[in-house]
Structures are given as C-alpha cells and as structure tokens.
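The following block contains a protein sequence and its predicted model.
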Amino acid sequence: MSLLSLCQWLQDTPWGTAIRESVWVFPIIETTHVLALSISVGTIAIVDLRLFGVILKKEPASEISQQVLPWSVAGFVVMFLTGALLFWCQAVKAYNSPFFRIKLICLFLAGLNALIFQFTVNKTMATWDRDLIPPARARLAGLASLVLWTGVIAAGRTMAYKF
C-alpha cells in the first residue's frame with residue numbers, strides 16, 4: 001500500500017468525511033488549530049526573543065521559560081491534535097501539497113532545534129541566565145526557532161490557500 005493510498009483511505013473514512021463535510025466541525029477544528037498555534041508559537045517567541053537578547057533583558061531566561069513553558073506545551077498539544085484532524089479529513093490534498101511538506105520539515109527541524117537546545121545550551125543556563133545578551137549558542141537557538149516557526153506558519157497558511 002502506497003502512502004498516497006493510505007492518505008486516500010484515511011480521508012475517506014467516516015470520520016474524515018464527517019469532518020470535511022460538516023458545516024460546523026471543520027471550521028471549529030480549524031479555528032482551534034489557529035488559536036492553539038497562536039498560544040504555542042507566541043509563548044515560544046517570547047522565550048526565543050529573550051534568548052536572542054531582544055526583549056526582557058533584565059529578566060532571567062530560566063524564569064521566563066518556566067512561566068511560559070506550560071502554555072507552550074498545552075498550545076502545542078492542542079495544535080498537534082487539531083492539525084491531525086485537519087490532515088485526516090484532507091489527507092490527499094495535504095499529501096499533494098508542497099507547502100504541507102515544507103511545513104512538516106520546518107516543524108521537524110523546530111522540534112530538533114528544541115531538543116538540541118534542551119540537551120546542550122539549556123544545561124549551562126545557570127551561568128548566563130541573567131546576562132543581558134546570552135551566549136552565541138543560545139542566540140542561535142532562539143533565532144533558528146523563530147525562523148523555523150515562521151516557516152511552519154507561512155507554509156501552513158499558504159497551504160490553506162493553495163488547496
């Protein structure tokens with residue numbers, strides 16, 4: 001079974017059809033997806049901009065991160081679940097969209113960037129937590145995150161208009 005066949009089967013399931021053809025369900029899922037994206041990426045951007053040394057310079061990076069992380073995670077979970085439902089009901093369109101592939105690549109790289117940050121730069125945060133301008137590795141992680149999440153959003157919005 002090819003990936004395209006799997007996508008066709010997925011969107012043709014009763015759930016996929018019901019979501020796609022519903023007057024209310026699809027718009028509610030899509031709206032929830034965008035709102036969750038705003039919460040998740042908005043809070044991530046706060047941390048990234050602090051890491052980049054642009055905002056909240058007098059606040060410890062660790063405190064900012066601890067305060068917004070629960071919101072980032074909650075937003076991401078809702079965003080991921082609603083994104084899966086949106087994919088489910090339009091899997092073939094998504095499969096055929098180059099913007100969907102770009103979105104997935106940017107999402108994967110953003111996750112990889114976060115993992116690398118957690119296991120490297122974050123471990124040394126106590127030594128630079130209160131610095132007005134964090135070390136180059138922290139700034140690079142913040143910049144990469146901002147660029148990648150911008151790519152996720154741009155590809156996702158473009159995908160929506162090019163279906």
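Now that the structure is in, tell me what you want to look at. Note that this is a predicted model, so its numbers are computed, not measured. Numbering: from 1, shown residues only.

Can you give the contact residues for the least confident helix or strand in the chain by mean pLDDT?
None of the helices or strands of the chain scores lower by mean pLDDT, DSSP states H and E than helix 125-128, at a mean of 90. Applying C-beta atoms under 8 Å, 6 or more residues apart in numbering, the external contacts of helix 125-128 come out as 61-62, 134-135, 138. For every residue, glycine as well, the C-beta is placed using N, CA and C.

The helix or strand hosting Ser38: what's the following helix or strand?
Using DSSP states H and E, the element containing Ser38 is helix 25-51. Downstream of helix 25-51, the next assigned helix or strand under DSSP H and E is helix 61-89.

Show me what counts as buried in whatever helix or strand comes next after that next one.
On the C-terminal side of helix 61-89, the closest following helix or strand by DSSP H and E is helix 91-96. Across helix 91-96, burial judged by 16 or more other C-beta atoms under 10 Å covers 91-95.

could you dump those residues to CSV with pLDDT?
Converted to CSV, the buried residues of helix 91-96 look like this (pLDDT from 0 to 100):
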residue, pLDDT
Ala91, 96
Val92, 96
Lys93, 94
Ala94, 95
Tyr95, 95
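
contacting residues around Gln109?
Let me fix one detail, which is that residue 109 is Leu and not Gln. For Leu109, the contact set (C-beta under 8 Å, 6+ apart) comprises 144, 148.

tell me the secondary structure for it?
When classified by DSSP: H, G, I helix; E, B strand; the rest coil, Leu109 comes out as helix.

what about the closest residue to Leu107 other than its chain neighbours, helix or strand, and which?
Spatial nearest neighbour of Leu107, excluding adjacent residues (C-beta to C-beta, 6 or more residues apart in numbering): Val152 at 5.3 Å. Using DSSP H and E, Val152 sits within helix 136-161.

That helix - contacts with which helices or strands?
Applying 3 or more C-beta pairs under 8 Å, 6 or more residues apart in numbering; DSSP states H and E, we find helix 136-161 packed against helix 25-51, helix 98-119.
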